[in-house]
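1. Have a look at this prediction, sequence included:
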Amino acid sequence: MKTLTFLARQAPFGSSSAKACLDMVLASAVFEQQVNYVFMDDGVWQLVRGHAPEGIGAKNVMAALQALELYGVEHIYALEESLTERQLTQAHLQIPVRLCSRAELSALVQSSDVVTAL
Amino acid sequence: MKTLTFLARQAPFGSSSAKACLDMVLASAVFEQQVNYVFMDDGVWQLVRGHAPEGIGAKNVMAALQALELYGVEHIYALEESLTERQLTQAHLQIPVRLCSRAELSALVQSSDVVTAL
Amino acid sequence: MSTLHIVSTSPFDSNALLSALKTASQDDAILLIQNGVYAAIEAPHMSVMMALAPSGLRMYALAEDVDARALHGLTQHITKIGYSDFVTLVCEHHNSVSWN
Amino acid sequence: MSTLHIVSTSPFDSNALLSALKTASQDDAILLIQNGVYAAIEAPHMSVMMALAPSGLRMYALAEDVDARALHGLTQHITKIGYSDFVTLVCEHHNSVSWN
Amino acid sequence: MIISVMVTGSPVSQQAAQSALSFCEAALCAGHQIYRVFFYEDAVYVGSALSVSPQDERNLNAAWSEFVQRHQLDAVICVASALKRGILNNSEATRYQKPAANLEAGFELSGLGQWVDACLNSDRVVSFGA
Amino acid sequence: MIISVMVTGSPVSQQAAQSALSFCEAALCAGHQIYRVFFYEDAVYVGSALSVSPQDERNLNAAWSEFVQRHQLDAVICVASALKRGILNNSEATRYQKPAANLEAGFELSGLGQWVDACLNSDRVVSFGA
């Protein structure tokens, strides 16, 4: 088993990156690897509760975050600094996440076998 | 005759934007319109003398800047603030340009019929 | 003679908004669309950036993009508008610049 | 256990370098490629950003990308390397992160 | 008013082509005339007839094709951008000896002159990028 | 070492696919083994057989195709990314009743599982984005 860490860094709807990262996380979970899913920079916007993208012709792709636990993805982090910069708190988020500091992120990255930032 | 203003804002080789903007400028000149070609933000890197993109499998697209005069494109500007931020001076540039201030840029934009930022 | 500045990228990861604000004249307007709407939140980082705008500059954010992203508590200086107002803004201004 | 951080976008228009610098540990390395190489210039704006790096962090810039862009006067903290050294760096580090 | 629209962003990985379509719909709805829609750079992928969307997602290429045909709009795809990206009509496929064409119905391949012409003949030009 | 490479950027409008190719060439040159190259998101356009470059410009799609065939590399294009973007092999074209296929020689369409498999079987994985 390897440790695969994903850094979700882009906002949810302006580009396809958020969905691309989520699909990689789910595929890794299907292969029963150790997955870390970290939301940072504009990626923390992906976690926000209440997305309603019908008006922009998009699917609510981030609704699948709710299914992460079913897939066995349990190590979900948000970089505290990124939330703070955007005036976001846990109360704004649609799933519970562990807040992590820069130092914790650094350690997580260093201890992973493969790190993918999308 | 209309005044078409182009704001070249991206660096020359990492994306195709610089070439796309140049092609639009040349097409506008062929139609004998009044063209303003403004280099600003990372777009000022397009003007730098000595590009050697062979090592990255690219053509030296910006060599065509030399031909602008032949096409009748004479209003070529660089935003002074953008040059300064990047420690660039006229001596680094492959063609002579008029330095413009933010206020001059604003006036240029407002007085144009069509403005394209690429 | 006034210009509509359309900003479509996130102010946290792009200098598009900054360039637009510094280039805008006071009778211009700014319209935030796509990820540009994140600039409409109340946050210290955004206030600092918005302070660079000429005084009196009108600011709008596209409702469809704001709602998609579930942004709440927009700063009061920014008016939420729909696509039909977007079209009206385009017509009311002499020209537009799209900052990506 | 150390990480190679590969930064490919311009520091003037993207927060990729900033994120990489803040995430890097002191035994990591940064490699600038593509438009990321613009971070290698001597400029006050870049010095401020680079000061966020942990002390001792090694910094490299890919020669092919530097030369393509005709960058001169790189800051002395950054070593110019070619693709074969890029491969060596990948092998020498436990993993890599590509910041775009 | 007479309005022209330029699109430069990729239809699958960016939002520009969706925003542009909504804008065009609203412009027609308000009684304006669309002189031309010009697809440039990665936006030329809008013209691919081969794209297949997941069943629960909207196919933006199909939506654009349907829209321009229903309103009989002049929808021009920049031929230089298209050739580089492998978007070909029958005559380009033949000219370059490629095995297939893939240009969606409703779109025409032409040069940047069509964009300049749109600038000259429109009251307003709006661009949709990234 | 055993190395795998992922590419996510568009071959025409971004530099990622060029950087990735130079990296792969250097890796082979240094005696390393490339387990797989995985094309994801806009990088799947590398697999278009219909792209036509101006005569004085390098065709990166052709260069990649030639490279993977010469070295008999495992070059996988993400099928989900490819379908959305209109990159089809014969069987997908038939399945979705599309008029043509356009997948370049040397590439195979497959799922994200191939990327996870590459992570498990490689000593190093390097990504090339924007």
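-> Yep, that arrived.

2. hey, where'd the strands end up in chain A?
-> A:3-8, A:34-39, A:75-79, A:98-100, A:114-117 (DSSP state E).

3. pLDDT (mean, whole number) over the shortest one?
-> This means strand A:98-100. Computed over strand A:98-100, the mean pLDDT rounds to 97.

4. next one: stretch E:84-101
-> Average pLDDT, stretch E:84-101: 97.

5. Could you give the number of residues near residue 89?
-> You didn't say which chain, so I picked chain A. Using other C-beta atoms under 10 Å in any protein chain shown, A:T89 has 10 other residues around it. Glycine gets a C-beta too; all of them are placed from N, C-alpha and C.

6. looking at chain E here, not the other one
-> Neighbour count for E:N89, taken as other C-beta under 10 Å: 19.

7. For it, grab phi and psi.
-> Main-chain dihedrals, E:N89, degrees, to the nearest 10: phi -90, psi -180.

8. so what's it closest to, chain neighbours aside?
-> If the residues on either side of it in the chain are set aside, E:N89 comes closest to E:L103, at 4.3 Å by C-beta to C-beta, 6 or more residues apart in numbering or on different chains.

9. pretty sure that neighbour contacts E:L109?
-> Yes: because the distance of 6.7 Å satisfies C-beta atoms under 8 Å, E:L103 is recorded as touching E:L109.

10. Determine the residues that are contacts of both of the two.
-> E:I77, E:A82, E:I87, E:L88, E:N89 (C-beta atoms under 8 Å, 6 or more residues apart in numbering or on different chains).

11. what is the rounded mean pLDDT of the strand or helix carrying the first one?
-> Yep, that's E:I77 we're talking about. E:I77 belongs to strand E:75-78 when assigned by DSSP states H and E. Strand E:75-78 shows a mean pLDDT of 98.

12. List the neighbours of that strand that are in contact with it.
-> Contact with strand E:75-78 is made by E:36-41, E:44, E:46-47, E:64, E:68, E:87, E:103, E:106-112, E:114-115, as judged by C-beta under 8 Å, 6+ apart.

13. which one is the residue of chain E found nearest chain A nearest to, not counting chain neighbours?
-> As assessed by C-beta to the nearest C-beta, chain A sits closest to E:S13 within chain E, at 4.4 Å. Excluding the flanking residues, the one nearest E:S13 by C-beta to C-beta, 6+ apart is A:S16, at 4.4 Å.

14. For that neighbour, give me the pLDDT.
-> Per the predicted model, pLDDT is 95 at A:S16.

15. What residues does the residue nearest to E:N89 make contact with?
-> Each residue near E:L103 by C-beta under 8 Å, 6+ apart is listed here: E:G47, E:S48, E:A49, E:I77, E:A82, E:I87, E:L88, E:N89, E:N90, E:L109.

16. Tell me which residue in chain A sits closest to chain F.
-> A:A27 (3.8 Å).

17. still on that earlier bit, could you work out the most separated pair of the shared contacts of E:L103 and E:L109?
-> E:I77 and E:L88 (10.3 Å; C-beta to C-beta).

18. so what sits against both of those two?
-> Here E:I77 and E:L88 share the contacting residues E:L103, E:L109, scored by C-beta under 8 Å, 6+ apart.

19. picking that back up, for the residue of chain E closest to chain A, list the residues it contacts.
-> Applying C-beta under 8 Å, 6+ apart, the residues contacting E:S13 are A:S15, A:S16, A:S17, F:S10, F:E41, F:D42.

20. nearest to chain C, of these?
-> For the contacts of E:S13, the minimum distance to chain C (C-beta to the nearest C-beta) is 7.9 Å, reached by A:S15.

21. Go ahead and confirm that closest one touches E:Q14.
-> Yes: A:S15 is within contact range of E:Q14, at 5.7 Å (criterion: C-beta under 8 Å).

22. which residues are in contact with both of those two?
-> Residues touching both A:S15 and E:Q14 (C-beta under 8 Å, 6+ apart): E:A130.

23. any idea which element E:K84 lies in?
-> Using DSSP H and E, E:K84 falls within helix E:79-85.

24. any residue of that helix up close to chain B?
-> Yes: counting by C-beta under 8 Å from any C-beta of the partner chain, chain B is contacted by helix E:79-85 at E:A80, E:S81.

25. Which other helices and strands does the helix or strand following that helix contact?
-> Moving toward the C-terminus from helix E:79-85, the next helix or strand (DSSP H and E) is helix E:90-95. Judged by 3 or more C-beta pairs under 8 Å, 6 or more residues apart in numbering or on different chains; DSSP states H and E, the packing partners of helix E:90-95 are helix E:79-85.

26. and the helix it packs on, anywhere near chain F?
-> Yes: Helix E:79-85 lies within reach of chain F by C-beta under 8 Å from any C-beta, at E:A80, E:L83, E:K84, E:R85.

27. Can you tell me which residues in chain A are near chain F?
-> A:2, A:4, A:16-17, A:20, A:23-24, A:27-28, A:30-31, A:33, A:113-114, A:116-118.

28. buried subset of those?
-> Taking 16 or more other C-beta atoms under 10 Å in any protein chain shown as the criterion, what is buried in the residues of chain A next to chain F is A:2, A:4, A:16-17, A:20, A:23-24, A:27-28, A:31, A:33, A:113-114, A:116-118.

29. Give me the neighbour count for residue 70.
-> In the absence of a named chain, chain A is used. 8.

30. The chain in question should be chain E.
-> Residues within reach of E:R70, counting by other C-beta under 10 Å, total 10.

31. beta partners for the spatially most central residue of chain A?
-> Chain A has A:F39 as the residue nearest its centroid, 4.1 Å off, counting by C-alpha atoms, centre = their mean. A:F39 has these beta-bridge partners by DSSP bridges: A:A8, A:A78.

32. E:L120 touches B:E32, doesn't it?
-> No: at 10.5 Å, E:L120 and B:E32 do not qualify as touching, with contact defined as C-beta under 8 Å.

33. Compare neighbour counts for the two and give me the winner.
-> Taking other C-beta under 10 Å, E:L120 and B:E32 do not tie; E:L120 has more neighbours (18 against 11).

34. In contact with that one, which residues?
-> B:K2, B:F31, B:Q33.

35. The last one and B:A78: what is the separation?
-> Read that as B:Q33. According to C-beta to C-beta, to the nearest Å, B:Q33 and B:A78 sit 21 Å apart.

36. Great, nothing more from me.
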